[in-house]
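A.B. asks: Predicted model and sequence below, questions to follow.
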Amino acid sequence: MSLFDASEAANREKAQPLAARMRPRTLEEFVGQRHFLGEGKLLRRLLAADRLGSVIFYGPPGSGKTTLARLLAGATQSHFCQLSAVASGVKELRETLTEATDRLSTIGRRTLLFIDEIHRFNRAQQDVLLPDVEDGVVILVGATTENPFFTINSALVSRSRVFQFEPLSSDDIKTLIRQALADPDRGFGRREIHLHDDALEFLAETSDGDARRALSALEIGVLSSGPGPLEFTRPLAAESVQRKAVQYDRQGDAHYDAISALIKSVRGSDPDAALYWLARMLEGGEDVRFLARRLVILASEDIGNAHPAALTMAVAAAQACELVGLPECQLTLAQAVTYLACSPKSNAATLGISEARADVREGRLLPVPIHLRDAHYAGAKRMGHGQGYQYAHDEPDAIAAQDYLGVRREYYRPTDRGFERELGQRLEQIRAKLRGEEKEAESGE
């Protein structure tokens, strides 16, 4: 490298933002994703055995997908080549694969081909990769924020290992911030900076697991404060953090994961978590009618007769959302969510209809007992329809001792929670009367 080349490289590095300058240079410096990159974990074992094949990195922005791809190229002594699925077409892809083949043939060096946002390649473009991936000409590292099992060809997924990246933990973010403050060459180690504990905590919590966001906020705070010693306080941290756009795709994983979290939080009787996930979906632009419909379903599925008023509340909330609309209907949804979360829970009705439908689907079809059949048309009496039917209201308690099914089945099993406890006690008496067990008990006495 000439003197001019070194100077140009230094100038380019100086112009880079802090997040780019602080990218780890070795696997040992990489922070996060210990569930597959820690000692003894799968990716580490593959590297140790020199058996790294094609992989798909799936996870949120700022979690280290691009950085780790570069480190893997170094660890496997491969030539690193990067393409963006947004900017590259089949022509560029074929040229890159041809160069990789020539490189392997002439100097015996494999190519690690990193494709960012690989889910944006159409199926034809993804199919172009298959032969070279199968033959081992390239080590494919595809990065995506979308679920690869839905957005990438099944043939390509089946030939790759999928590693799911998690947002960096608060401790991980704190580690990166401390490293940036201590590093004299790439970070702010040459400057006297006192980062207050509450400011560090604030940066870690508000970054949402995104390393770039945390380091960018640190850099803004430092560079906007002028030269000299710096007290990096929480107010300075708050001023330096830009409001992050909510990562939310109403047709993708974020949609399904968030509604799953909301429903499970309500089912689990945690109104605080439920309000957070509701807020997350509202901020992401979720359709309030979708939210209202899911709450109506939940009121029957997970609360049921333990608190029958829950369904009334959910239906009323759905109607109010149609009448009022946003932003005011967020109050209605919040009221409904907290009410449902704090209600006693029962899925007895849900299990009951599931078991009854399973009996029907599996062929256990029961004939309608003759005394229950329709007797309101000419000729019904000649076939015996309705004969022996006992009109329930003729009984003092409006319960007639007769069979309504033809076999003994108990689909509905009330829980001991909320109003369903009272229903269960009453149901015991009803079933005894229906089966004539009360009369048998009286005659036995």
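C.D. replies: Received, thanks.

A.B. asks: give the contact list for Gly388.
C.D. replies: Residues near Gly388 by CB atoms under 8 Å, 6 or more residues apart in numbering: 370-371, 402. All C-beta atoms are positioned from the backbone trio N, CA, C, and that covers glycine.

A.B. asks: Secondary structure element for it, which one?
C.D. replies: Assigned by DSSP states H and E, Gly388 belongs to no helix or strand.

A.B. asks: So the most centrally placed residue in the chain, which state does it fall into?
C.D. replies: In the chain, the centroid-proximal residue (CA atoms, centre = their mean) is Asp257; its distance is 2.8 Å. Of the three states, Asp257 takes helix under DSSP: H, G, I helix; E, B strand; the rest coil.

A.B. asks: Just the pLDDT for it.
C.D. replies: We note a pLDDT of 85 for Asp257 in this prediction.

A.B. asks: ranges for the helices of the stretch 1-150 of the chain?
C.D. replies: Using DSSP state H, counting those that start in this stretch, the helices of the stretch 1-150 of the chain run over 3-15, 18-21, 34-37, 42-48, 65-75, 90-107, 123-135, 148-151.

A.B. asks: Let me see the domain layout of the protein.
C.D. replies: As given by automatic domain parsing, the domain ranges for the chain are 33-164, 170-240, 253-342, 365-444.

A.B. asks: nearest to Asp359, of those domains?
C.D. replies: Evaluated with CB to CB, the domains of the chain place domain 365-444 nearest to Asp359, the distance being 7.6 Å.

A.B. asks: residues near the nearest residue to Thr67 once chain neighbours are set aside, how many?
C.D. replies: If the residues on either side of it in the chain are set aside, Thr67 comes closest to Arg23, at 5.1 Å by CB to CB, 6 or more residues apart in numbering. Residues near Arg23, counting by other CB atoms under 10 Å, number 16.

A.B. asks: Kindly reformat the helices of the stretch 1-150 of the chain as CSV containing distance to Leu236.
C.D. replies: As requested, the helices of the stretch 1-150 of the chain are exported to CSV (distance: least, CB to CB, whole Å):
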stretch, distance to Leu236
helix 3-15, 24
helix 18-21, 16
helix 34-37, 31
helix 42-48, 38
helix 65-75, 27
helix 90-107, 44
helix 123-135, 46
helix 148-151, 40
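
A.B. asks: Determine which stretch of those helices is the most buried.
C.D. replies: helix 65-75 (a mean of 20; mean count of other CB atoms under 10 Å).

A.B. asks: Please work out which residues outside that helix touch it.
C.D. replies: 23-24, 26-27, 30, 33, 37, 47, 52, 57, 59, 78-80, 82, 112, 114, 116, 139, 141, 143, 165.

A.B. asks: Which of those residues are buried? Put it as a PyMOL command.
C.D. replies: In PyMOL, selecting the buried portion of the contacts of helix 65-75, with burial taken from 16 or more other CB atoms under 10 Å, looks like this:
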select buried, resi 23+24+30+33+37+47+52+57+59+78+79+80+82+112+114+116+139+141+143+165
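
A.B. asks: Let me have the helices of the stretch 1-150 of the chain in JSON lines, adding mean pLDDT as columns.
C.D. replies: As requested, the helices of the stretch 1-150 of the chain are exported to JSON lines (pLDDT from 0 to 100):
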{"stretch": "helix 3-15", "mean pLDDT": "54"}
{"stretch": "helix 18-21", "mean pLDDT": "88"}
{"stretch": "helix 34-37", "mean pLDDT": "90"}
{"stretch": "helix 42-48", "mean pLDDT": "90"}
{"stretch": "helix 65-75", "mean pLDDT": "91"}
{"stretch": "helix 90-107", "mean pLDDT": "89"}
{"stretch": "helix 123-135", "mean pLDDT": "85"}
{"stretch": "helix 148-151", "mean pLDDT": "85"}
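
A.B. asks: What is the distance between stretch 166-174 and the centre of its chain?
C.D. replies: Relative to the chain's own centre, stretch 166-174 is displaced by 18 Å; criterion: CA atoms, centre = their mean, to the nearest Å.

A.B. asks: Pull it out as PDB, backbone CA atoms only.
C.D. replies: Output of stretch 166-174 as PDB, limited to C-alpha atoms (Å, rounded to 0.1, in the frame of the first residue of the first chain):
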ATOM      1  CA  GLU A 166     -32.100 -11.400  18.700                       C
ATOM      2  CA  PRO A 167     -32.000  -7.700  19.600                       C
ATOM      3  CA  LEU A 168     -29.000  -6.900  21.700                       C
ATOM      4  CA  SER A 169     -29.600  -7.000  25.400                       C
ATOM      5  CA  SER A 170     -29.300  -3.900  27.600                       C
ATOM      6  CA  ASP A 171     -26.000  -5.300  28.900                       C
ATOM      7  CA  ASP A 172     -24.700  -5.800  25.400                       C
ATOM      8  CA  ILE A 173     -25.500  -2.200  24.400                       C
ATOM      9  CA  LYS A 174     -23.700  -1.000  27.600                       C
END
